[in-house]
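Undergrad: sequence unknown, structure follows:
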Ligand SMILES: C[S@@+](CC[C@H](N)C(=O)[O-])C[C@H]1O[C@@H](n2cnc3c(N)ncnc32)[C@H](O)[C@@H]1O
C-alpha cells in the first residue's frame, strides 16, 4: 500500500466509525457533484471536526467565508441552537444556488443565510449591520485573501471567538518563503498575522488524508 493509499484507508476507517455521511450530507455531495461543483469541500471527518469545534465553543453565531455546495455549512449549522445564526459568503451564484437547496433539504434554512458576492465586498456590508460578534469564523475561500479575511474576522468577533483557516499547508508549499503563488503568499500572511497579532493566540496543524497533505490553523481571539 502506498503512503497516500494508507491515508485514504485510515480516513475511510475514521469516517465510517466517527463521522459517517447521513442521508442529508450524502445528498448534498451528490447534488454538488451533479452540478459539477469542484471537489474542494472538507471531508466528512473534517466537517465533524468543525461541528465539534462549534459545539465546544458553544457557538450561537457562525460566519463562513466560502460556501461551495454548503457541505461544511451543514456540519457547522448542526452545532447551532434553534435560535442560532450562520452567515455564509459565496462568490459564485451557481455554488450558492446548490448550497441553498442543500441547506434547505437539511432543514437548516431558518438558521443559515448564504450571501452571494465577493467576500471582500460582502464583509463591509455585514459589518455595517453591526451584527453580534460571531463565536466562530471558518475561512475557506480564495486563499490569496486569507489575511484580509482574518482581519475582517477580527472586526466581527470578540473575546473567546474561534477562527479556523482551512488549507494552510498546500502540500507543503506554505513553507516556501520565496513562493509568489497567491495561495501561498495569502496563507503565509495569515499565519504570520496570527503569530504577531496581540489579539490572537493560534496554532496550525498539518494533516494527511483523503484530501492529500494539507492542514488548518486555529486562532482564539484574546481581547
Ligand atoms: C474551498 S471552497 C469552500 C468549500 C466549503 N467550505 C466546504 O468545505 O464545503 C471555496 C469556495 O469559495 C468561493 N470563493 C472563491 N473566491 C471567493 C470570494 N472572493 N468571495 C467569496 N467566496 C469565494 C468559491 O467559489 C468556492 O465555492
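TA: Noted; the coordinates are in hand. Fair warning: this is a prediction, and the values are worked out from it, not measured in the lab. Residues are numbered from 1 along each chain as shown.
Undergrad: Can you pull the poorly scored residue ranges out of this protein?
TA: Judged against pLDDT under 70, the chain has no low-scoring part.
Undergrad: So for this protein, the centremost residue is which one?
TA: residue 138 (3.9 Å; Cα atoms, centre = their mean).
Undergrad: Let's verify that one: helix, strand, or coil?
TA: strand (DSSP: H, G, I helix; E, B strand; the rest coil).
Undergrad: residues contacting it?
TA: 50, 62, 63, 64, 65, 66, 72, 76, 164, 166 (Cβ atoms under 8 Å, 6 or more residues apart in numbering). Heads up, the C-betas are built off the backbone N, CA and C, glycines and all.
Undergrad: Intersect those with the contacts of the ligand.
TA: Within the set of those, contact with the ligand (Cβ under 6 Å from any ligand atom) is found for 66, 72.
Undergrad: Quick check: of the contacts of residue 138, which has the highest neighbour count?
TA: residue 76 (30 neighbours; other Cβ atoms under 10 Å).
Undergrad: Please name every helix or strand in contact with the helix or strand containing it.
TA: Take DSSP states H and E as the rule and residue 76 turns out to sit in helix 71-77. On a contact count with 3 or more Cβ pairs under 8 Å, 6 or more residues apart in numbering; DSSP states H and E, helix 71-77 meets helix 23-34, helix 44-56, strand 61-65, strand 85-90, helix 93-105, strand 112-116, strand 134-139.
Undergrad: Tell me which strands the fourth one pairs with, and in which orientation.
TA: Listed by DSSP bridges, the sheet partners of strand 85-90 and their directions read strand 61-65 (parallel), strand 112-116 (parallel).
Undergrad: what comes up buried for the last one?
TA: By neighbour count, with 16 or more other Cβ atoms under 10 Å as the criterion, the buried positions of strand 112-116 are 112, 114, 115, 116.
Undergrad: does it come close to the ligand?
TA: No: Strand 112-116 is not in contact with the ligand by Cβ under 6 Å from any ligand atom; minimum separation 8.6 Å.
Undergrad: Tell me what angle that strand forms with helix 93-105.
TA: Angle, strand 112-116 to helix 93-105, by axes from the mean of the first three to the mean of the last three Cα atoms, to 10 degrees: 170 degrees.
Undergrad: So which elements touch the next helix or strand after strand 112-116?
TA: Counting by DSSP H and E, the next helix or strand C-terminal to strand 112-116 is helix 119-128. Other elements packing on helix 119-128 under the criterion 3+ Cβ pairs under 8 Å, 6+ apart are strand 61-65, strand 85-90, helix 146-155.
Undergrad: Pick the most deeply packed of these.
TA: Highest mean neighbour count among the helices and strands packed on helix 119-128 (mean count of other Cβ atoms under 10 Å): strand 61-65, with a mean of 26.
Undergrad: Many thanks, we can stop here.
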